[in-house]
Every structure is written in structure tokens, then in C-alpha cells.
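Q: Need coordinates for the below:
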Amino acid sequence: MSEQILIKKPPAKTAQSREYKAQIALEKARAAHEKYLIRQQNSDLQEAINNYIDAVKLDPMLPESYYRLASLMWEQGQISVDTAIEQCKTAVSLAPDSVNAHLYTGFFMKLAQDFKSAENEFKSAIKMGKLKSGRPRIVLSQSLLQKINTDNANVSDYLKFVYYLISGSLMLAWDKPSVKMFCKNMSDDLSVLKYNTLGKFLEKCKLYSAAENTYKKAVMETGHGEIFFHKMGDLALMNKEITLAVDCYRKVVEENPLNREVLIKLATVLQTYFPENVDDTIDCYEKLLEFNIDNSKIYYELGHLYMHKEDKINSISAFKLALEGNETNAFYHNSLAYAYSKAELYDDAIEHYQKAISINPDKEWTSVICQALGSIYAEIKGNVEAAVSTYQAGLILNPENYDLYLALGDIYMAEYDLDNAIRTYCDAITLNPEEYRGYSKAGIALWEKDYLEEALVSFHKSIDLNPSNEYAHNNLGIIYLDGLGDAEEALEYFEKAIELNPNYTLAYFNAARACQTMGFINDAANYYQMAINLNKINEELDENDITERLHNLFNI
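A: Residues are numbered from 1 along each chain as shown. Predicted coordinates:
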């Protein structure tokens, strides 16, 4: 008898089994979902979401829980369209023959404007539904209509739209509950099509004001603010009405925070035309990060925005995150290096400048990066040899980099290597004879080398090219005063330098010296006193030396 008991069939699953509990949770979710569709109350929505989640936890093999949960969580803004698509794909994988699983997947693909994939999903649902495929056909016709409304359609799409609309309408006889919903949705889409077509026609006729009014009316009549505010924003941007474009794009985002296309447009317009609204632009880019698409580019833009705010820490972090997604991007390395240099983390800056140079996406661009790296070696590290090598490497990459010649010449001047300095500045002058800076710098090197006549020619040429260069006027005056002993000629240039820059301490000092040489004691005293007053602010000169010269003017 005991043996008979041992070989009895195991007892049936009890109400406590996970599968049974999952079915109970699913039924509760369906009931709450239905209430929400009727009453539109958030409490019903949350109850449905919670029960669908419980059903998934208890039985991960229930496909219905995935696509219905995805639709509700997306509607509540808890997940993105891409996440909803992935959830629906899970449902399809669990139940490849489920019409609803394919329908929901196609619906979210349509929202993502992936019309081709959406069409494939709807066709799968049609194939499975056969005579009861009225709803998938109607939804597919709506998808095609939306595609037409977004200007991405062709003649074939119009023909398919008509075919699936008619065939779906005929087959709705087997799906009466859908008839009411279909009529409402189709009426809504046709209303959008009417205003959309009229607006496009008015735009092509360049009746922009009429088109804008049409879109405004469409917002009121159809309630589709997302579509028509978007069109109004594009129209305003085309007509250079930037503030209006921003307002319209903001309204689109208010209607649908998941409209990635408009978020990109809003961020771009704010960054381009309203650089002072850094926080608003940052907010747009941070929202775009939630889509997890092209995040490296977004972090790159965020890095520059934080740099504009002088937020060095967040700038560095953003550029580093950009590099995580694209480690071979020379521009990202360069921006990170610049951020490090602004934060005075020069070793890190050098490392990333070197990486940017080694990648070398463009010789002309890379030569500029060599200049930035060379300046750190020269000015911060005091490594003249490394600086010279870096500048020379940049000139090999781009022999027409004028600024790089000047930077290399400055290094030679700092080392008092006058011959190489003169030679390098002359190379710059040969490269661009109409640029005044090369002549001005060459003039200083020639003066230091005691080539007075050549220095005079160089400074005069610099002034001819740029008469407002106060430094060239001052330096030319020094040559006339200290080199040629012509104080009268020198004073004219010192006074011109002062006229161009009333806060030029050295020019006042030199003007005083010229006046003293000519015996104009009072004028010299006034210039020395001005030099003393300005020097207290900028501390360019030795104040004791100026004071002593001032006192000596009146010594008997």
C-alpha cells in the first residue's frame, strides 16, 4: 500500500506557485490598465505598472507583461522609446506568433521614426492575423501616413497607405471594438495631414506668415502641438527669427520630452545664438544623454560649455567621458589637454596634446596643436629643447604656419640666440610680407644685434602695415633716442605710442628721457610722474629708478 502511495502522480500546482501568482498579477494589471484607459487616473496607471512588474518578476516568460508594461512606462516617461522597443522585442522573442507583441514593437519603432522596421513588424502581425488583421493593417496605414507627414515618403508609400487603409477598414468587421478607436485616430491623422499639406504649400509659395498662422490654427484644432510647434520652429529658424524658434522648440519639448530631434535643434540654436544661456544649453545636452545615442559628441559639447562657465572640473570630466566612447579622436584629446592646462595640470595636458599630435588627423590642425604643446614646454616647464623640437615638428607638418614661426623666434629671443631669432622672424616675413608682427619682432632682434639701420627699416615697415601698433612706435623711438641720439625724432614716436595707449608706462618713461635729453625739464618731470603713477598699477618698471631720475632733474 505504501508503495502505491509512493508512485502516485505529484500533486497539481497549488495557488501558491509562482506561475499562478504571476497570472493573478497579470489579471490585476489588465483590470487596472482598462480602468486607466477609461478614467485616465494616475492611480490606475501606477497600479497597472506595479502589477505588470510583479508578473514579470514571478514569471519572466509572460510576453504580454513586457509589451504592456513598456507602453505604460513609456507613457509615464519612465523609459525611453529605445528601451520600450527592447522590451517589446523580448516579448516577440518569447512569443514569436503573438500579434500584439509585433504590433507594440512596430508602434514604438514608428515613434522612433524607424518606419522600415515598424512596417516589417506590422506586416508580421498581418500575416499572423489573416482575416482578423484589420487592426494591424490600420496601424500600418497610420504609420505610412506619419511617414508621409514627415517628408520621408515616396509614391509607393502613398499607394501602400491607401491599400492598407482600405483593406484594414474592410477587415474591421471582425474587430468591432477597434472600429471606434480607428475612426477617432484616423480622423485625427487626416486633420493633421490637412493642415500639414496646406502649411507646406504656403511655405513653398513663400507665404511664411500664412503658413505660420496655419500651423497655429492646427495646434488649436488638432492638439498636436509637438508636430506643428516643430514646424513653426523650423520656419522661424529659416527666417532668422531665432527667439521665436527657441520658444517653439521649447513647446515641443514640453509636449514630448523624448523628441530627440528637437532637443538637438534647441541645443544647437541656444549654443550658437545665445552663448550666455549656458545652463539652458547644458540642460538640453544632459537630456540628450538619456537617449544613449552619440554620447561622445554630447559630452564633447558639454565639455566646451563647462569651459565657457570656467567650470574646470566638470569640463575635464565631460571631455574624459567623450574619450571613453572614442579614444582615437584627436579633437577630444586636444580639448581635454586644453582643459587640463586651464586647470594647471600640465603633465596631463602634455600627455593628451602628444596623443592628439600622434593621431594627426590633419597636418594644418596638428601644427597648431604643436604650438600649444610647445608653449607649455617653453613657458611652464622651461624645457627649451623640447619646445624648439615641438615647434619645428609643427613647421614640418605645415610650413605655412605664420604664428609658429613667431613662437619659435620668441624662444630663440628668450635664449638670446639672436641669429636664429632673426632668421626665423625673416622666414615669417617671407611667408607673409603683409603681416606687421614679423617686422616688429624682427626689429627687436636686429636692435639687440646692433643692426640699427635694419631695425629702423623693420619697425617703419611694421608701422606702415599697422599704424595703431603702440609697441612699434615706442621701440622705434628707442632706436632714435638710444641708437641715433635723435631725441626730437624719438619724442614724436613716444608721444604717438602714448596717444594710442594712454596707459603705456614705458612710453611715458621713454618720453621723459627724450625730454630730459633736450632740456625740457618740466615736460620730463610730468612724464616721469605719469610713469610713476601708472607703474603703481601695472608694476612694469623699477619705481626707484624712475623716482631717482625725477629727483635728479632738479638737482643743482
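Q: Please look at P257 and K287 and confirm they touch.
A: Yes. P257 is within contact range of K287, at 6.9 Å (criterion: CB atoms under 8 Å). From N, CA and C alone the C-beta is placed, and that goes for glycine too.
Q: When the two are compared, which one has more neighbours?
A: Using other CB atoms under 10 Å as the criterion, P257 and K287 rank with K287 on top: 17 against 14.
Q: Report the separation between the more buried one and Y299.
A: Going from K287 to Y299 by CB to CB, to the nearest Å gives 14 Å.
Q: Over to S440?
A: As for S440, its distance to Y299 is 42 Å (criterion: CB to CB).
Q: what do you get for N120?
A: 34 Å.
Q: who's more crowded, those two?
A: Of the pair N120 and Y299, Y299 is the one with more neighbours under other CB under 10 Å, namely 22 against 14.
Q: Quick check: phi and psi at K309.
A: Backbone torsions for K309, taken as degrees, to the nearest 10, come to phi -80, psi 0.
Q: need the contact list for the closest residue to N466 other than its chain neighbours.
A: With CB to CB, 6 or more residues apart in numbering as the criterion, N466 has its nearest non-adjacent residue at 3.9 Å, and that residue is Y436. Listed by CB atoms under 8 Å, 6 or more residues apart in numbering, the contact set of Y436 reads K461, S462, I463, L465, N466, N469, A472.
Q: how about 7 Å then?
A: Contact partners of Y436, counting by CB atoms under 7 Å, 6 or more residues apart in numbering, are S462, L465, N466, N469.
Q: Can you tell me which of these are buried?
A: Neighbour counting with 16 or more other CB atoms under 10 Å marks S462, L465, N469 as buried within the contacts of Y436.
Q: Tell me the one among those residues nearest to L270.
A: L270 has its nearest neighbour among these in N469, at 38.3 Å by CB to CB.
Q: Is that closest one in contact with S440, as I believe?
A: Yes. Contact status for N469 versus S440: in contact at 6.5 Å, counting by CB atoms under 7 Å.
Q: List the residues that are in contact with both of the two.
A: Listed as contacting both N469 and S440 by CB under 7 Å, 6+ apart are S462.
Q: what's the nearest residue to A101 if we skip its chain neighbours?
A: Nearest one to A101, counting by CB to CB, 6+ apart, is A91 at 4.1 Å.
Q: quick one: what helix or strand has that neighbour in it?
A: Taking DSSP states H and E as the definition, A91 sits inside helix 81-94.
Q: Pull the distance from the next helix or strand along the chain from that helix to the chain's centre.
A: As assigned by DSSP H and E, the chain's next helix or strand after helix 81-94 is helix 99-111. Distance of helix 99-111 from the chain centroid (CA atoms, centre = their mean, to the nearest Å) equals 33 Å.
Q: try stretch 431-441
A: Relative to its chain's centre, stretch 431-441 lies at 36 Å (CA atoms, centre = their mean).
Q: That stretch: which residues count as buried?
A: Neighbour-count burial for stretch 431-441, counted by 16+ other CB under 10 Å, picks out E435, Y436, R437, G438, Y439, S440, K441.
Q: From start to finish, how long is it in a straight line?
A: Using CA to CA, to the nearest Å, the end-to-end distance of stretch 431-441 comes out at 15 Å.
Q: give me every residue that touches K160.
A: Applying CB under 7 Å, 6+ apart to K160 gives the contacts L144.
Q: Is it inside a helix or a strand, and which specific one?
A: Remark: K160 resides in helix 155-171, with elements defined by DSSP H and E.
Q: likewise K355?
A: helix 346-359.
Q: so where's the stretch 151-300 of the chain uncertain?
A: For the stretch 151-300 of the chain, applying pLDDT under 70 flags the ranges 151-153, 172-186, 188.
Q: Show me where it has its helices.
A: Using DSSP state H, counting those that start in this stretch, the helices assigned to the stretch 151-300 of the chain run over residues 155-171, 177-204, 208-222, 225-238, 242-255, 260-273, 278-289, 295-308.
Q: Make TSV out of the ones you listed and add distance to L491.
A: Listed next are the helices of the stretch 151-300 of the chain as TSV, based on distance: least, CB to CB, whole Å:
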stretch	distance to L491
helix 155-171	82
helix 177-204	68
helix 208-222	63
helix 225-238	58
helix 242-255	53
helix 260-273	50
helix 278-289	49
helix 295-308	45
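Q: Show me the domain layout of this structure.
A: 17-112, 493-556 (automatic domain parsing).
Q: what sits against the residue lying closest to N432 once chain neighbours are set aside?
A: With sequence-adjacent residues excluded and distances taken as CB to CB, 6+ apart, N432 is closest to Y402, at 5.1 Å. The neighbourhood of Y402, defined by CB under 7 Å, 6+ apart, consists of A428, L431, N432, E435.
Q: What residues sit buried inside the helix holding K160?
A: D157, K160, F161, Y164, L165, S167, G168, S169, M171.
Q: Need the max-distance pair from those residues.
A: Farthest-apart pair in those is D157 and M171; separation 20.8 Å (CB to CB).
Q: one step back: and of the buried residues of helix 155-171, the nearest to Y508?
A: Nearest to Y508, judged by CB to CB, of the buried residues of helix 155-171 is D157 at 77.7 Å.
Q: Touching, the closest one and K147? I think so.
A: Yes. Counting by CB under 7 Å, K147 is a contact partner of D157 at 5.8 Å.
Q: how much space is there between L190 and E351?
A: With CB to CB as the criterion, L190 and E351 are 61 Å apart.
Q: Neighbour count for the two, which is higher?
A: E351 (15 against 11).
Q: What sits closest to that one if chain neighbours are left out?
A: The shortest distance from E351 to any non-neighbouring residue, by CB to CB, 6+ apart, is to A337 (7.6 Å).
Q: Pull up the gap between the one you found and K355, please.
A: Taken as CB to CB, the span from A337 to K355 is 8 Å.
Q: Now do stretch 129-137: distance from first to last residue.
A: Counting by CA to CA, you get 10 Å between the two ends of stretch 129-137.
Q: rewinding a little: same list (the buried residues of stretch 431-441) but as JSON lines, adding distance to D44.
A: Output for the buried residues of stretch 431-441, formatted as JSON lines (distance: CB to CB, whole Å):
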{"residue": "E435", "distance to D44": "74"}
{"residue": "Y436", "distance to D44": "76"}
{"residue": "R437", "distance to D44": "73"}
{"residue": "G438", "distance to D44": "77"}
{"residue": "Y439", "distance to D44": "81"}
{"residue": "S440", "distance to D44": "78"}
{"residue": "K441", "distance to D44": "77"}
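Q: Looking at these, which are in helices?
A: Y436, R437, G438, Y439, S440, K441 (DSSP state H).
Q: between those, which is nearest M128?
A: Looking across those and measuring by CB to CB, the closest to M128 is R437, at 75.6 Å.
Q: ok, that closest one touching Y405?
A: No. Counting by CB under 7 Å, R437 does not reach Y405; the two are 10.0 Å apart.
Q: Which parts of the stretch 301-450 of the chain are helices?
A: 312-325, 330-342, 346-359, 363-375, 384-397, 402-414, 418-431, 436-448.
Q: okay, the ones you listed in CSV with mean pLDDT next?
A: Conversion of the helices of the stretch 301-450 of the chain to CSV gives the following (pLDDT from 0 to 100):
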stretch, mean pLDDT
helix 312-325, 95
helix 330-342, 96
helix 346-359, 97
helix 363-375, 96
helix 384-397, 96
helix 402-414, 96
helix 418-431, 97
helix 436-448, 96
